[in-house]
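Novice: here is the input, now give the coordinates:
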Amino acid sequence: MPIQIEPTWWITAVEAPIVAALFWMIHGLRRDLQARIDHGDQRDSDALTRTREDLAQFKIEVARTYVPLSLIRDLDRRIADHLIRIEAKLDEVTLASIAVAQAARRAEDRE
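Specialist: Below you'll find the model as predicted:
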């Protein structure tokens, strides 16, 4: 009958430093990988912020160069005219409310 040798699953004194070194290497790799992931997220966020700022600057530049100055002046004049009409209507409403208030006060004084 041949002799069977059962495998043992315990670590000998010679293998302990090797297992410890492997554990330390795996731990270091995991820590380094997590740091790289975090750094990559920050880098992507910074790139996105720069892209948004560049797009905003480009939109402003397009607005400055695309619309002719004559159209901008025309729009400014139309807005100013419309605001003047609104102001006149508000003045009419204010004067009418003052007249109503004065008439009400006179009516109270008579009574």
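Novice: gap between the helix or strand that contains residue 34 and the chain center?
Specialist: Element membership of residue 34, judged by DSSP states H and E, is helix 15-66. In terms of C-alpha atoms, centre = their mean, to the nearest Å, the centre of helix 15-66 is found 18 Å from the chain centre.
Novice: show me the shaky parts of this structure.
Specialist: By pLDDT under 70, the low-scoring segments of the chain are 1-14, 41.
Novice: repeat that with 90
Specialist: 1-24, 26-28, 32-50, 59-72, 106-111 (pLDDT under 90).
Novice: nearest the geometric middle of it, what residue?
Specialist: Computing the C-alpha centroid of the chain and ranking residues by C-alpha atoms, centre = their mean puts residue 49 first, at 8.7 Å.
Novice: how close does that residue get to residue 56?
Specialist: According to C-beta to C-beta, to the nearest Å, residue 49 and residue 56 sit 11 Å apart. The C-beta positions use only the backbone N, C-alpha and C, and glycine is treated the same way.
Novice: and for residue 83?
Specialist: Taking C-beta to C-beta, one finds residue 83 at 28 Å from residue 56.
Novice: quick revisit: after the helix holding residue 34, which helix or strand is next? Please name it.
Specialist: Counting by DSSP H and E, what follows helix 15-66 is helix 69-110.
Novice: chain center to that following helix, what's the gap?
Specialist: 40 Å.
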